[in-house]
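Participant: Here is a sequence together with a model predicted from it:
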Amino acid sequence: VDQMRLVVPTTGFFKDSLRFMKRCTKPNRKEFRRTCVAIAIGFFVMGTIGFLVKLMHIPITNIIMG
């Protein structure tokens, strides 16, 4: 009885996963390029923010410590 409670949700999960995988399509070249550009912009923005925070952190640390 306890094993059946594990098997039934797992079977449903696999059926849903299989249905999802059948509906997925490979992106075309334009869609892939758009995704790559968006990711590159995100990396650049996050890197710039991190660099600016680090740049502001160094003088503040020197003022506090020294």
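Facilitator: Right, received. Where do you want to start?
Participant: Let's test this: mean pLDDT of the host helix or strand of Leu55, rounded?
Facilitator: Element membership of Leu55 [criterion: DSSP states H and E] is helix 29-65. Taken as a whole, helix 29-65 has a mean pLDDT of 95.
Participant: Can you name every helix or strand that it contacts?
Facilitator: If you count contacts as 3 or more CB pairs under 8 Å, 6 or more residues apart in numbering; DSSP states H and E, helix 29-65 packs onto no helix or strand. For every residue, glycine as well, the C-beta is placed using N, CA and C.
Participant: Count the residues that sit near Phe14.
Facilitator: Using other CB atoms under 10 Å, Phe14 has 10 other residues around it.
Participant: So it versus Met21, what's the distance?
Facilitator: To Met21, Phe14 is 10 Å away according to CB to CB, to the nearest Å.
Participant: can you check Ile63 too?
Facilitator: Look at Ile63 and Met21: by CB to CB, they are 56 Å apart.
Participant: before we move on, what about Met65?
Facilitator: Counting by CB to CB, the separation of Met65 from Met21 is 55 Å.
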